[in-house]
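J.: Let's see this in three dimensions:
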Amino acid sequence: MKPGRMIFVAFIMVLLGAVLPFLIVIRVLESTWWLNFLAYGVSVGGLFLGIIGTASYMREQNWRDNK
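T.: Residues are numbered from 1 along each chain as shown. All right, here's what the predicted structure looks like:
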């Protein structure tokens, strides 16, 4: 996966990880163990994917600059 796409997917995941708990708090969605765990997992997964995507992007940029 290209770094730009990876960062975009990570942003969507982190955004979903923030929106799901908000919808639970305002009682649009029912709070279940599975939904809470999913929101946490998506948020943490998006954070790690964003870090990896950013590192890949920086590595690619440094490689282009040194070429």
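J.: separation between the closest residue to Ala10 other than its chain neighbours and Leu38?
T.: Distance criterion C-beta to C-beta, 6 or more residues apart in numbering; nearest residue to Ala10, sequence neighbours excluded, is Gly50 at 3.4 Å. No exception for glycine: its C-beta is placed from N, CA and C like everyone else's. Distance from Gly50 to Leu38, counting by C-beta to C-beta, to the nearest Å: 18 Å.
J.: the more surrounded of these two?
T.: Gly50 (18 against 14; other C-beta atoms under 10 Å).
J.: Show the contacting residues for the more buried one.
T.: By C-beta atoms under 8 Å, 6 or more residues apart in numbering, Gly50 lies in contact with 6-7, 10-11, 14.
J.: try Leu38
T.: Leu38 neighbours (C-beta under 8 Å, 6+ apart): Leu20.
J.: Counting residues, what is the longest helix that the chain contains?
T.: helix 33-66 (DSSP state H).
J.: in that helix, what counts as buried?
T.: Residues of helix 33-66 classed as buried: 39, 42-43, 46, 49-50, 53, 56 (neighbour count, 16 or more other C-beta atoms under 10 Å).
J.: low-confidence ranges in this protein?
T.: The chain contains residues with pLDDT under 70 at 67.
J.: With the flanking residues excluded, which residue is spatially nearest to the most centrally placed residue in it?
T.: Nearest residue to the geometric centre of the chain (C-alpha atoms, centre = their mean): Gly46, 2.0 Å. Leaving aside its sequence neighbours, Gly46 sits nearest to Met13 (C-beta to C-beta, 6+ apart; 2.8 Å).
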